[in-house]
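>>> A predicted structure for the sequence below; I have some questions about it.
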Amino acid sequence: MKVEPIWGERALFIDELKALVIADLHIGIEYELYLQGINIASQTDKLLKRCKQLIEKKKAKKLFIVGDLKHVIGKESEEYYEMMKKERKEVRYFLKELGKEIEIHIIKGNHDGLLKSKYAKIYGSRGLKIKNIAFLHGHAWPSHDIMNADLLIMGHVHPFVRIKTKVGFSYLEPCWVRGRFKKEKLKKYGVNKMNFIIMPAFNPLCGGIAVNSEELIGPMAKMLSIDNAEIYLLNGLNLGRVRNLK
C-alpha cells in the first residue's frame, strides 16, 4: 500500500485505505502547562479544525490515531483530578464531532491508559496490523502478530532535528524519520526486513527528542537502525541520514 506524508502537515495518507494517520495529539496538555505557570487556551478546537481540513482535502474515510490522543496521566491530587475531568470532556467532544465525519481507530499510547469511547474503535498498546502496514505507539513491545508487516508506523518519540548554524547557534525543527529495523532484532519474529516511520507529534505544543543529538525513548529504540534512518522536514526536504547530522 502506498503511504505518503502530507507535506506541510503532521499527517500521513494511505491511499488504498483512504485513511489519514496522525499521532500524539495530547489533548489536555494545556492543563498541565498551566500548573507549570504557562497559560494557554484550549487547543482542542484547533486540532479538530485541522483534522477536518485534512479529511476534506484527502477525501478520507478512516482516521488512525497512533497513540496519545489524550495527555493527562492520573496522579493522586485534587489538581490532577480536576484536570482529568476537564480533559475527559474535551476528548469526548473531539471524538464525537470528528466521528460525524470519519471512522476513527485509536491505538493506545502511554497517556491513553483509561481511554474509552463509543465514538472510536480502540486497540491495545501492542499494536494493530492492516494488510502489510502495522500501527504502534512505541512505548510498549509490539505483538508478534504485527511484526511481519512491510512497514511499521509509530509515534511516541515526537521527533525533532537539531540544526546548527555557521555561527554556532542551533534550533529544532519537527521532522519525519524513516528507516529500517536492525536485522538481528527481527530474527525472533522470523522476519528479515521491515521499515519504519516515526511521525511528528500532531500537536505543536508537544516537546520532543532531537534524534540527531539525543537517545530515543521506549523499547523500540533498540530495534531501530536510527543512525542509518533518513530525516525529512515537514515541507518534504530530505536532510539525509541521522549519522551525518550529528
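Thanks, I have the structure now. Keep in mind that what you see is a predicted model, and the values were worked out from it rather than measured.
>>> got the end-to-end distance for stretch 55-68?
Distance across stretch 55-68, first residue to last, is 20 Å (CA to CA, to the nearest Å).
>>> Glu9 is in contact with Leu20, correct?
No: with contact defined as CB atoms under 8 Å, Leu20 does not count as touching Glu9 (9.4 Å). Backbone N, C-alpha and C define where each C-beta goes, glycine included.
>>> the more surrounded of those two?
Just comparing Leu20 and Glu9: by other CB atoms under 10 Å the higher neighbour count belongs to Leu20, 23 against 18.
>>> Please name the residues that touch the more buried one.
If you count contacts by CB atoms under 8 Å, 6 or more residues apart in numbering, Leu20 has them with Ala11, Leu12, Phe13, Cys51, Leu54, Ile55, Lys58, Ala60, Lys62, Leu63, Phe64, Ile102.
>>> Among these, which one lies nearest to Asn228?
Comparing the contacts of Leu20 against Asn228 with CB to CB picks out Leu12 as the nearest, at 21.1 Å.
>>> quick one: which of the contacts of Leu20 is nearest Val91?
Lowest distance from Val91 to these (CB to CB) belongs to Cys51, with 13.4 Å.
>>> Give me the neighbour count for Leu115.
By the measure other CB under 10 Å, the count of residues near Leu115 is 17.
>>> any idea whether it is helix, strand or coil?
Per DSSP: H, G, I helix; E, B strand; the rest coil, the secondary structure class of Leu115 is coil.
>>> quick one: common contacting residues for Leu20 and Glu9?
In terms of CB under 8 Å, 6+ apart, Leu20 and Glu9 are both contacted by the residues Leu54.
>>> Need the contact partners of the longest helix seen in the chain.
Taking residue count as the measure and DSSP state H as the definition, the longest helix of the chain comes out as helix 78-99. The contact list for helix 78-99, computed with CB under 8 Å, 6+ apart, reads 27-28, 31-32, 35, 42, 44, 47-48, 51-52, 63, 69-72, 74, 104, 115, 117, 119-120.
>>> What pLDDT is listed against Ser77?
In this model, Ser77 is scored at 69, pLDDT.
>>> just for the chain, where's the confidence low?
The chain contains residues with pLDDT under 70 at 74-77.
>>> Got the phi and psi for the spatially most distant residue from the centre of it?
When distances are taken from the C-alpha mean of the chain, Val167 lies farthest, 33.0 Å away, according to CA atoms, centre = their mean. The main-chain torsion angles of Val167 are listed as degrees, to the nearest 10 and equal phi -90, psi 10.
>>> how long is stretch 224-231 end to end?
From start residue to end residue, stretch 224-231 stretches across 14 Å - CA to CA.
>>> out of everything not next to it in sequence, what's closest to Gly113?
Counting by CB to CB, 6 or more residues apart in numbering, Ile73 is the residue found nearest to Gly113 once chain neighbours are left out, at 7.3 Å.
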